[in-house]
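Enquirer: No sequence on hand, only this structure:
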C-alpha cells in the first residue's frame, strides 16, 4: 500500500508539473532561422542558382580544393559500398573539397546570433576533449551561442539531446554520431523539425547537409606505405604475415582504413594479412602478444587506431620483439613511440580542424552561402623525421620533449 | 519546557522518518526542481515525455532485475541478451526471410532460453549468479558479434520503429512508455499479488526458511532468470527500434544502469526486500539526471560524478531507513 502511495505521488507530481507547464512553450518544428540556402535541389544536380537577393559567397571558399565536379553530390554510399559497408545516407549539398588544417580564411561570422547545438561522441580522451574545446573556440569566433552535449558513445543520449535542442529551437546542429546507423533517429527528427545538420564523420543512414570527415581510405594507404617502406628499407623479404588490429565490430572508419592498408600489400602475393580485434589497449596487448607467438613469420604489424597501436606497441616491447609497426592516429604515446623508434610512422589528422570546419560549414549554411557536401580535412604522414614538428602542429603550445619529460 | 523540547524532538523525528520513507520521491522532486530552475525547458511536456521514453528500456530491464536482486541474485547479462535479440530479430526478418510476428516469437523464446541458461547453470552448478552472468555477458555478446560479424543489421519492416521506438499514441505518448507501463503493472501484480512474488521475496529474505516452508527454490530461481531474459528481450526490441537496426554492441551499460535504478529504488542488494514502484522511481531519477545534465551541457566526467553522488546519497538514506525500522 505504501508503495502504491509512492507511485501515486510520483504520478500526481508529474501531472501537476505537466498541467502547470505553458503549452508548447517552444516550437517543436520551425527553427528560428531558415537555413536560407537549404539545398533542397535533387542530389547529383547543381546547387540552386543564385536568384535575387544574390546568394552570399562561402567565406572559406579560398581554402577549398575541389575534387571532381563541384556540382555533383559525392557518392558516399558508393564509397562505403566499396569496403562492404551498407550505407543509405543522403548528403544534401553538392561537391567534395579538401581543406587545410589551418584556415587561411577567417571563420565566418553569423548573420545573427545563431544558436547551434553540438553533440560530441565522447570527451574521455584527449581527441574528444580537443574537438569539444576547438568547437567552443570556433563558436566564439563565429559569434554563435553553442549548446553542447557529451554523449559518451550512447546514441540514446545523443538522440535525447537532439530532442531537447529541437524544443529549444536551435538554428542548427553539428553532430558527431555515436552510432553511425542509430544516428538516423536524430537526423530524421532534425529533418522533421527543419533544422539543418552538419555531421562530423559521415553517418550510414539519414540525411545531412554536409559531412566533415577525414579520408580514412587514405589514412590506411599512408599507414600501409609507411610499413611497406620500412620493410623494404630494412631489406626484409616481402613474405610472411602482416597483422593488423582493429575493432571487433564493423565501424565505417575502420573498414575504410583497412581497405587502404590491405590494398597496399596486394602486390605482394607472399604476404598474408591477418586481422585481429579488440577494443581497449589491454585487449590489443593480449591479442598482439598472442600473435607474436602464433605467427613467427610476422614481418610487420599495423594498429588501425590508437588503442590498438598502444596495446601492440607495449606488447612488442614486453616480448622484446622488433617487429615493424605502423599506426593511424596521433595520440601522444604514439608520437613518443615514433620518436623512440618503436613505431615506424602514423597517418595522423587534426582534432582541431574538424571542429573548426564543421563550424564554418554550419555558419556558412545558416548565412545562406553554398557549402560543399563533403569536407575532407588533411591527413599527414608522421615519421621520425617530422614527429616533433607534427607534435607541435597537433598540440599547439606543447612539444614532444616536454611531454616525454613528463611535463 | 521539557514537554516543549520533547514535542520538538518528536516533530523532528516524524519529519526525519517521512523524509527517509519518501526518499526516492524527494530526490526526484528535488532534481526536477533544480533542473527546471536552471533550464526551464526541462519542464516542457515534450521533454518530460522524452525522459520517460528514454528511461523505458532501462526500466523494463530493471523490473526483471528487481525480481532477481530481491531473490538475492544478480544478472549482468541483460545488455548482451538485448543485443542478441536486436540482431536476431533484424536477421530473421531481413530480406523477407520471415514475417515479423514469428520472428518476434522466436527472439522472445530465445531470450527466455538465454535467461533460463543463466538460472539453470547457477542453480544446478551451484555457482554464484554474479559469476554465471559475468560469463554469459561475454558469451551472449560474442553470439551477437558472431551472428553479424560486427555489422549493424538494419530493421527494414514498416511500423516496427513506430511500435517499439519512436511511435506516439495520440501523437503524444511515446510507445516505449506504454510498453514499459504495461510491463510495470504486470511486474507489480506478479511481485505483490501472486505466490510467485511471495516466493521470490521469501527466498531472498531467508532461503533456509523458504526451503523448510516447502518452496521449490531452484524452480523459482530459474523462473526468475527466465523472466529477466524475457524483459531483456523487450528492452532489446525497444533499443533496436530506437537504433533503427540490430546493433551487436548495443546495451553495454544496460545491466549497470538497471541495477542502479533498482538500488536507488530501495531494493536491498542483499535480497528479501524489493519494490517495483521503487524501481520506477530509481530509474526515473537516473533518467532525470541524464536529461537534466544533457540540457546543462555537462560533460561525461561531470555526469558520472553526479550520478555516483546521487547513488551514494540514496543508499545512505536507504540504510538510515532500515536502521530506523
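Expert: Now that the structure is in, tell me what you want to look at. Because the structure is predicted, anything quoted here is derived from the model rather than measured.
Enquirer: so who does the residue in the stretch 201-325 of chain B that chain A sits nearest to touch?
Expert: Among all residues of the stretch 201-325 of chain B, residue B:243 sits closest to chain A, at 3.6 Å; criterion: Cβ to the nearest Cβ. Where you see a C-beta, it was placed from the backbone N, CA and C, and this is true even at glycine. With contacts defined as Cβ atoms under 8 Å, 6 or more residues apart in numbering or on different chains, the neighbours of residue B:243 are A:155, A:179, A:181, A:182, A:185, B:86, B:152, B:250.
Enquirer: Next up, phi/psi of it, please.
Expert: Here is the backbone geometry of residue B:243 (degrees, to the nearest 10): phi -90, psi 0.
Enquirer: Show me what from the stretch 101-250 of chain A comes close to chain B.
Expert: Residues of the stretch 101-250 of chain A lying close to chain B (Cβ under 8 Å from any Cβ of the partner chain) are A:122-124, A:132, A:147-150, A:152, A:154-157, A:159-161, A:163-164, A:167-168, A:179-182, A:184-185, A:204-205, A:247-250.
Enquirer: among those, which ones are buried?
Expert: Buried members of those, counted by 16 or more other Cβ atoms under 10 Å in any protein chain shown: A:122-123, A:132, A:147-150, A:152, A:154-157, A:159-161, A:163-164, A:167-168, A:179-182, A:184-185, A:204-205, A:247-250.
Enquirer: does residue B:184 count as helix, strand or coil?
Expert: Following DSSP: H, G, I helix; E, B strand; the rest coil, the label given to residue B:184 is helix.
Enquirer: I'd like the distance between it and residue B:88.
Expert: 25 Å (Cβ to Cβ, to the nearest Å).
Enquirer: Between these two, which has more neighbouring residues?
Expert: Taking other Cβ atoms under 10 Å in any protein chain shown, residue B:184 and residue B:88 do not tie; residue B:88 has more neighbours (24 against 21).
Enquirer: isn't that one right up against residue B:237?
Expert: No: shown here, residue B:88 and residue B:237 do not form a contact pair, counting by Cβ atoms under 8 Å, at 10.3 Å.
Enquirer: Could you tell me which residues touch both of the two?
Expert: Common neighbours of residue B:88 and residue B:237 (Cβ under 8 Å, 6+ apart) are residue B:107.
Enquirer: The stretch 101-250 of chain B against chain A: which residues are in contact?
Expert: Contact residues (Cβ under 8 Å from any Cβ) of the stretch 101-250 of chain B with chain A: B:145, B:148-152, B:154, B:165-166, B:192, B:239, B:242-245, B:247-250.
Enquirer: From these, list just the buried residues.
Expert: Buried, going by 16+ other Cβ under 10 Å: B:145, B:148, B:150-152, B:154, B:165-166, B:192, B:239, B:242-245, B:247-250, out of those.
Enquirer: coming back round to it: just give me the least confident of the contacts of residue B:243.
Expert: Among those, residue B:152 has the lowest pLDDT, at 78.
Enquirer: Just confirm it contacts residue B:145, I think it does.
Expert: No: counting by Cβ under 8 Å, residue B:152 stays clear of residue B:145, with 11.5 Å between them.
Enquirer: what sits in contact with each of these two?
Expert: residue B:248.
Enquirer: What residues does the residue lying closest to residue A:82 once chain neighbours are set aside make contact with?
Expert: Distances taken as Cβ to Cβ, 6 or more residues apart in numbering or on different chains put residue A:259 closest to residue A:82, at 6.9 Å, once the chain neighbours are dropped. With contact set as Cβ under 8 Å, 6+ apart, residue A:259 has these partners: A:82, A:83, A:217, A:220.
Enquirer: and what of residue A:119?
Expert: Contacts of residue A:119 (Cβ under 8 Å, 6+ apart): A:148, A:149, A:150, A:151, A:158, A:161, A:162, A:173, A:174, A:175, A:176.
Enquirer: Look up the pLDDT of the second one for me, please.
Expert: In the predicted model, residue A:149 carries a pLDDT score of 92.
Enquirer: Mind listing the strands the helix or strand where it lies pairs with, and their directions?
Expert: Using DSSP states H and E, the element containing residue A:149 is strand A:145-150. Using DSSP bridges, strand A:145-150 pairs in its sheet with strand A:115-120 (parallel).
Enquirer: How far away from the center of its chain is the helix or strand hosting residue B:285?
Expert: Element membership for residue B:285 (DSSP H and E) is helix B:276-296. Distance, stretch centre to chain centre, for helix B:276-296: 12 Å (Cα atoms, centre = their mean, to the nearest Å).
Enquirer: buried residues in that helix?
Expert: B:276-296.
Enquirer: So what touches the helix or strand just after that helix?
Expert: Using DSSP H and E, the next helix or strand after helix B:276-296 towards the C-terminus is helix B:300-324. Applying Cβ under 8 Å, 6+ apart, the contact partners of helix B:300-324 are A:122-124, A:150, A:152, B:16-17, B:19-21, B:23-24, B:27, B:31, B:260, B:263-264, B:266, B:268, B:282, B:285-286, B:289-290, B:293, B:298.
Enquirer: what about residue B:123, neighbour count?
Expert: 18.
Enquirer: Give me the contact list for the helix or strand harbouring it.
Expert: Using DSSP H and E, residue B:123 sits in helix B:100-124. For helix B:100-124, contacts defined as Cβ under 8 Å, 6+ apart pick out B:73, B:75, B:77, B:81, B:84-85, B:88-89, B:92-93, B:98, B:127-129, B:132-133, B:136, B:140, B:157, B:160, B:218, B:221-230, B:232-233, B:236-237.
Enquirer: Tell me the buried residues in the helix or strand following it?
Expert: Using DSSP H and E, the next helix or strand after helix B:100-124 towards the C-terminus is helix B:129-148. Using 16+ other Cβ under 10 Å as the test for burial, helix B:129-148 gives B:129, B:132, B:133, B:136, B:137, B:140, B:141, B:143, B:144, B:145, B:147, B:148.
Enquirer: Next: stretch B:154-171.
Expert: Neighbour count says stretch B:154-171 has B:154, B:155, B:157, B:160, B:161, B:163, B:164, B:165, B:166, B:167 buried, by 16+ other Cβ under 10 Å.
Enquirer: where does the chain dip in pLDDT?
Expert: Using chain A here. Flagging of chain A using pLDDT under 70 yields the residue ranges A:1-53.
Enquirer: my bad, the chain I had in mind was chain B
Expert: B:1-3, B:5-9, B:324-325.
Enquirer: Can you tell me which residue sits nearest the middle of chain A?
Expert: residue A:201 (4.0 Å; Cα atoms, centre = their mean).
Enquirer: give me the number of residues near the closest residue in space to residue B:132 that isn't next to it in sequence?
Expert: Counting by Cβ to Cβ, 6+ apart, residue B:132 lies nearest to residue B:122, which is 4.5 Å off, once chain neighbours are set aside. Residue B:122 has 24 neighbouring residues, counting by other Cβ under 10 Å.
Enquirer: From the residues of the stretch 101-250 of chain B next to chain A, which land in helices?
Expert: Filtering these for membership in helices, criterion DSSP state H, returns B:145, B:148, B:192, B:239, B:242, B:243.
Enquirer: mind checking how far the last one is from residue A:135?
Expert: This points to residue B:243. Residue B:243 sits 25 Å away from residue A:135, going by Cβ to Cβ.
Enquirer: cool, residue A:348 as well?
Expert: 20 Å.
Enquirer: In terms of packing, which of those two has more residues around it?
Expert: Legend: neighbour count by other Cβ under 10 Å for residue A:348 and residue A:135, higher for residue A:348 (29 against 24).
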